[in-house]
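# Next come a sequence and a model predicted from it.
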Amino acid sequence: MAGAEDEVQRLAGALRRRIARLMGTDASFRRIPGPPPRWALSEHPEGAVWQGNLDDPVAGAWRVRGVGITRWNHSGPTPAQTVRALMAIVTQVLRHARGAVREEDLAKVLESRFELLTPARFTPLYADDGTLAAAVEASAASEADPAGAGGGAADIWQRLTDNERLLLPYLDEDAQHAAQLLEIGQAQAGAVLAGLKAKLLLALSEDSDREAVMGALRRCADPPPEPPL
């Protein structure tokens, strides 16, 4: 456990250094030396400092649409699309804050928005009969349309965050219920729920069988079946 926590701390430090380096090369941002170091937009007046609940900027970050990270490298140059996504979120957070925000808090917002420090993991998918379904099977590839319900659901499932997967069976619930499920602030939970609905709306194209895809997605969210006695 200690090793995993040490790794998370190491990655958190690397994330802070990366965003500081990116903002340091952009004239839109101004660094206020610490401790703790803070960042503001260049247009902000001198001495303006944000002090508030971290749930607020996290919720604001989730309200930013049309940004995402598909590539994340732990060394070397940051991909251009990733830079644009990070800077879009940071800009929105700082604009809403109307003052300098701690570098550490900015890193926490970005980590929460994109789950940058969450280790990748395999999520098993289960068929209707309770058997483990491979992500890609030769028989399925030859007999089924890859854009069909199962394939579409698997693709959408892989693009959902852990929190979005937890909320998938509760799309009709409100932010208060979502906050209880996720054990986070209500504003942040509401933003996660809204983001999930927007993501599903975009993913379910007009020519897809929405009911079939949603049914397959809900089966992905179901817990694995108990082994036979």
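Ah, there it is. Bear in mind that the values here come from a model prediction, so they are computed numbers and not experimental data.
# Who are the packing partners of the helix or strand containing M214?
Using DSSP states H and E, M214 sits within helix 210-221. Counting contacts by 3 or more C-beta pairs under 8 Å, 6 or more residues apart in numbering; DSSP states H and E, helix 210-221 packs against strand 125-126, helix 149-159, helix 162-167. (C-beta placed from N, C-alpha, C; glycine too.)
# Mind doing that once more with 7 Å?
On a contact count with 3 or more C-beta pairs under 7 Å, 6 or more residues apart in numbering; DSSP states H and E, helix 210-221 meets helix 149-159.
# quick check: mean pLDDT across the helix it packs on?
Across helix 149-159, the average pLDDT comes to 72.
# can you give me the offset of that helix from its chain's centre?
Once both centres are worked out by C-alpha atoms, centre = their mean, to the nearest Å, helix 149-159 turns out to sit 17 Å from its chain's centre.
# Next, the angle helix 210-221 makes with that helix.
Put simply, helix 149-159 runs at 50 degrees to helix 210-221, going by axes from the mean of the first three to the mean of the last three C-alpha atoms, to 10 degrees.
# give the contact list for the residue nearest the centre of the chain.
Geometric centre of the chain, nearest residue: F114, 3.5 Å, by C-alpha atoms, centre = their mean. If you count contacts by C-beta atoms under 7 Å, 6 or more residues apart in numbering, F114 has them with I69.
# Next: R38.
Residues near R38 by C-beta under 7 Å, 6+ apart: I32, V49, A100, V101, R102, E103.
# One more pass at 6 Å, please.
I32, A100, R102 (C-beta atoms under 6 Å, 6 or more residues apart in numbering).
# All the strands of the chain, residue numbers only.
For the chain, the strands defined by DSSP state E occupy 29-32, 38-41, 101-102, 125-126, 132-133.
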